[in-house]
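Student: Need the 3D shape of this:
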Amino acid sequence: MPNSRGQKDACDLLDADHKAVKKMFKEYEELTSSKSRSAAQKKMDLARQICHELTVHAQVEEELFYPALREALKETDLLAEAEVEHQTAKDLIAQIESMGDADEMFDAKVKVLGEYIDHHVKEERGEIFPKARASRKLDLLAMRDEIEARKEELMAEMA
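Tutor: Predicted coordinates for the structure are as follows:
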């Protein structure tokens with residue numbers, strides 16, 4: 001939800017990542033029913049892209065968004081939980097990245113990662129973002145610019 005001036009803030013930017021990754025997970029799910037070689041390759045490429053996007057997203061949240069929230073909010077339990085969720089997602093990402101698509105656990109791990117990310121996104125959208133927007137101590141427009149710049153750096157490093 002853009003702010004009163006209609007500009008997108010840091011929460012909007014992070015949520016755009018959520019939507020993009022959710023779309024990739026749906027596409028992956030659709031490919032799992034196909035047995036063709038091209039579908040298997042597309043799944044591998046998509047899984048790599050999902051892992052890449054999530055890695056960058058988690059890093060910008062951990063470097064910029066969460067520390068700013070920790071300083072601005074009284075209640076930080078949600079942030080601690082989000083950081084634990086990030087670590088679990090990173091563990092799954094590392095497992096997926098080290099596997100081949102022939103591994104029978106590959107699709108299952110990608111599916112579980114998707115479910116896990118869905119849960120995490122619901123908490124961010126439903127609880128963390130509203131608290132961030134309600135805080136008078138945060139400049140979410142300036143933070144959006146910082147996050148955008150850092151994302152571009154990280155994407156370039158990983159390319």
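Student: can we go C-alpha only for contacts and neighbour counts from here?
Tutor: Noted.
Student: Could I get the full set of helices for the protein?
Tutor: Residue ranges of the helices in the chain, as given by DSSP state H, are 10-31, 37-60, 66-72, 77-97, 106-123, 129-134, 140-158.
Student: can I get those in a markdown table with mean neighbour count and mean pLDDT?
Tutor: Listed next are the helices of the chain as a markdown table, based on neighbours: other Cα atoms under 10 Å; pLDDT from 0 to 100:
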| stretch | mean neighbour count | mean pLDDT |
| --- | --- | --- |
| helix 10-31 | 17 | 96 |
| helix 37-60 | 18 | 93 |
| helix 66-72 | 16 | 95 |
| helix 77-97 | 16 | 94 |
| helix 106-123 | 17 | 95 |
| helix 129-134 | 16 | 96 |
| helix 140-158 | 15 | 95 |
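Student: Count the residues that sit near residue 9.
Tutor: Using other Cα atoms under 10 Å, the number of residues around residue 9 comes to 20.
Student: What distance do you get for it to residue 73?
Tutor: Distance, residue 9 to residue 73, using Cα to Cα, to the nearest Å: 18 Å.
Student: quick one, what contacts residue 65?
Tutor: Listed by Cα atoms under 8 Å, 6 or more residues apart in numbering, the contact set of residue 65 reads 143, 147.
Student: now with 10 Å?
Tutor: 10, 11, 14, 58, 59, 132, 138, 140, 143, 144, 146, 147 (Cα atoms under 10 Å, 6 or more residues apart in numbering).
Student: quick one: residue 29 from residue 115, how far?
Tutor: Going from residue 29 to residue 115 by Cα to Cα gives 12 Å.
Student: which residue of this structure sits farthest from its center?
Tutor: For the chain, the residue at maximal distance from the C-alpha centroid (Cα atoms, centre = their mean) is residue 36, at 29.1 Å.
Student: Model confidence for that residue, exactly?
Tutor: Note for residue 36: predicted pLDDT of 83.
Student: Report the contact partners of it.
Tutor: residue 42.
Student: For residue 39, give me its contacts.
Tutor: By Cα under 10 Å, 6+ apart, the neighbours of residue 39 are 28, 30, 31, 32, 33, 45.
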